[in-house]
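Asker: give me a model of this one.
(one chain, ligands or ions: 1)
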Amino acid sequence: MSSKKPSAGDYIDARCTKCRVISNHTIIAMVEDKVVRVQCNTCGGAHNYRAPKAEKPEKVVKPRATAAAKTAKAARTARSKAVVLEQEQWLSASQDADPAKAVPYRMDGTYKVKSWISHPTFGFGLVVSVVPNKVEILFQDGKKLLRCGN
Ligand SMILES: [Zn+2]
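Answerer: Now for the predicted structure:
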């Protein structure tokens with residue numbers, strides 16, 4: 001244990017209220033031999049001194065995602081959600097499918113909804129909708145709209 005008494009201008013480890021970590025602070029105010037106010041050397045914020053050791057167990061800070069991080073994550077999730085959903089649809093549909101019955105995909109072919117095709121690039125796919133000259137096929141990596149002779 002160090003017996004050196006801190007004084008204003010000294011460096012001290014403290015829990016920063018902004019950085020939320022224990023970091024190097026400069027003592028800016030003392031009352032007798034107690035540090036009362038410090039300035040964070042990381043963010044420059046001045047705040048009341050908090051001992052680096054959390055004395056009360058309920059004060060332990062749990063790692064928590066910030067609101068901004070949550071929003072970013074939600075946006076990413078929403079964007080890929082449709083694709084993930086399609087991949088899941090493909091997986092469940094392919095379990096009941098017979099690959100032997102899949103017909104090779106041709107641009108001039110005609111297709112029926114719920115029939116399986118095999119595509120040289122996208123693989124095994126389920127026809128989900130047919131519109132004039134186009135067929136929407138659910139492949140393992142998502143839906144694709146392809147040309148056809150319908
Ligand atoms: Zn700070």
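
Asker: near the ion, which residues of this structure?
Answerer: Taking C-beta under 5 Å from the ion as the contact definition, the chain meets the ion at 16, 18-19, 40, 42-43. Heads up, the C-betas are built off the backbone N, CA and C, glycines and all.

Asker: just send the residues you listed back as JSON lines, with secondary structure too.
Answerer: Output for those, formatted as JSON lines (DSSP: H, G, I helix; E, B strand; the rest coil):
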{"residue": "C16", "secondary structure": "coil"}
{"residue": "K18", "secondary structure": "coil"}
{"residue": "C19", "secondary structure": "coil"}
{"residue": "C40", "secondary structure": "strand"}
{"residue": "T42", "secondary structure": "coil"}
{"residue": "C43", "secondary structure": "coil"}
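
Asker: next SSE downstream of the lowest-mean-pLDDT helix or strand in the chain?
Answerer: Least confident element among the helices and strands of the chain, by mean pLDDT, DSSP states H and E: helix 67-95 (a mean of 81). Sequence-wise, the next helix or strand downstream of helix 67-95 (DSSP states H and E) is strand 103-104.

Asker: next one: the stretch of helix or strand I27 belongs to to chain centre, how far?
Answerer: For I27, the element it lies in under DSSP H and E is strand 22-31. Relative to its chain's centre, strand 22-31 lies at 36 Å (C-alpha atoms, centre = their mean, to the nearest Å).

Asker: next, the buried residues of that strand.
Answerer: For strand 22-31, burial by neighbour count (16 or more other C-beta atoms under 10 Å) applies to 23, 25-27, 30.

Asker: go on, stretch 94-101?
Answerer: Counting neighbours by 16+ other C-beta under 10 Å, stretch 94-101 gives 94, 97 as buried.

Asker: and for it, what are the contacting residues?
Answerer: Applying C-beta atoms under 8 Å, 6 or more residues apart in numbering, the contact partners of stretch 94-101 are 115-116, 118, 124, 126, 140.

Asker: what about the residues you listed, which are in helices?
Answerer: Using DSSP state H, no member of the contacts of stretch 94-101 falls within helices.
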